[in-house]
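Peer 1: Sequence unavailable; structure follows:
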C-alpha cells in the first residue's frame, strides 16, 4: 500500500514538473521604446548636502570635514555666480570678443 502511495506521489510530482516546462513556441512582440526627455527644472545633485541630510536623519555624527566642504561649496557657488554676472555675453562683443 505504501509503495502505491509513493508511486502515485512520484507520478504526480513528475506530471507537475512536465507541466511547468517552458513552451518552445514563444511569440515575439513589437519593440518597446521609452523616449528620454530632458527635464529643464533639474538642478543637479549636491552630494555633500545629501550626505548631511542622511546623517542627520539617522542621528549620526557629522564629520567636520563634511561641514567644511558644504561651507566651501556655498562660497564657491556664490563666487561663480558673481563671476558670470560680470562677464559680458558673446552676443554683445561679437563672435571673437572684438567689435
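Peer 2: That came through, no problem. Note that the structure is predicted; figures quoted are calculated from it, not measured.
Peer 1: pLDDT below threshold where in the protein?
Peer 2: Within the chain, the stretches falling below the threshold (pLDDT under 70) are 20-21, 23, 76-99.
Peer 1: Can you classify the most centrally placed residue in it as helix, strand or coil?
Peer 2: The structure's the chain has its C-alpha centroid closest to residue 45; by Cα atoms, centre = their mean the separation is 11.0 Å. Put simply, residue 45 is coil when judged by DSSP: H, G, I helix; E, B strand; the rest coil.
Peer 1: any idea how far it is from residue 53?
Peer 2: Shown here: residue 45 relative to residue 53, a distance of 12 Å by Cβ to Cβ, to the nearest Å. For every residue, glycine as well, the C-beta is placed using N, CA and C.
Peer 1: mind checking which helix or strand residue 5 is in?
Peer 2: Assigned by DSSP states H and E, residue 5 belongs to helix 2-19.
Peer 1: so what secondary structure elements neighbour the very next helix or strand once past that helix?
Peer 2: As assigned by DSSP H and E, the chain's next helix or strand after helix 2-19 is helix 47-57. Using 3 or more Cβ pairs under 8 Å, 6 or more residues apart in numbering; DSSP states H and E as the contact test, the elements touching helix 47-57 are helix 64-86.
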